[in-house]
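Engineer: got a predicted model here, sequence first, then my questions.
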Amino acid sequence: MPEFKALLEGYRRFRTGAYQEQRRRYDALADKGQAPGLLVISCSDSRVDPTRIFDTEPGQMFVVRNVANLVPPCDSDNSQHSTSAAIEYAVTQLKVHHILVLGHARCGGIKASLEGTFDDAPMGEGGFIGRWMSLIAPARDIIRAAAKLSPDIDACSALELAAIRLSIDNLRSFPFVAEAEAAGTLHLQGALFDIAEGVLRVLNHDTGKFETVPMDWENETASLPKSN
Ligand SMILES: [Zn+2]
């Protein structure tokens, strides 16, 4: 199995390359701790690494990744909630200024939800995935019904966008998120990255639409959503 060997080779490249080049940054992060300004919630998909897409440096971005970049609603039962714990830590301890829900095109989790691949599957045979993806079942059902009436609809793309919107709504079910947003210290963002095109689309809260981020800076202020 060459994969783990490749990891160690990568580590050696990192230690002699980027780590040495950014030694001062790593030392400062070790001494002072992290103070990232934003939390990104992205998919575990190996093709969608937010630190690459946004070309960030170590210490800039707190990241939680899960299947299909979903946020569950606030639920204070006694289960272990990993995504909720990361959100709580980012907002109440790190006091991030932004939370970005980053979806992506061709998401396997979204496709499985749409096709019902793991609905009612037993644990170990997709049951955990099916249960997790049931978070977006209501949106999935609406899009399925719409696609039946209008077969031209790209149901997968529609559900990818709907899941981002739903996750942003669910973020607001956490009291500490809603309070920080109301106070103006936290802004919730949604975006979708298209792997094939390399294009990023950002949710404009005013229009409710996902808008392509222009590549030239001069047009950015005109077309990008406001800071919320
Ligand atoms: Zn995905």
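Structural biologist: Here it is on my side, so go on.

Engineer: domain map for the chain?
Structural biologist: Split into domains by automatic domain parsing, the chain comes to 1-32, 34-223.

Engineer: how far does the last one sit from the chain's center?
Structural biologist: The one in question is domain 34-223. Distance, stretch centre to chain centre, for domain 34-223: 4 Å (C-alpha atoms, centre = their mean, to the nearest Å).

Engineer: same thing with the first one?
Structural biologist: Here domain 1-32 shows a centroid-to-chain-centroid distance of 25 Å under the convention C-alpha atoms, centre = their mean.

Engineer: now do the end-to-end distance for it.
Structural biologist: One end of domain 1-32 sits 39 Å from the other (C-alpha to C-alpha, to the nearest Å).

Engineer: need the domains of the chain in JSON lines with mean pLDDT, can you?
Structural biologist: Formatted as JSON lines, the domains of the chain follow (pLDDT from 0 to 100):
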{"stretch": "domain 1-32", "mean pLDDT": "92"}
{"stretch": "domain 34-223", "mean pLDDT": "95"}
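
Engineer: out of these, the one nearest the ion is which?
Structural biologist: Among these, domain 34-223 comes nearest to the ion, with 3.2 Å by C-beta to the ion. No exception for glycine: its C-beta is placed from N, CA and C like everyone else's.

Engineer: isn't F176 right up against V91?
Structural biologist: Yes: counting by C-beta atoms under 8 Å, V91 is a contact partner of F176 at 5.3 Å.
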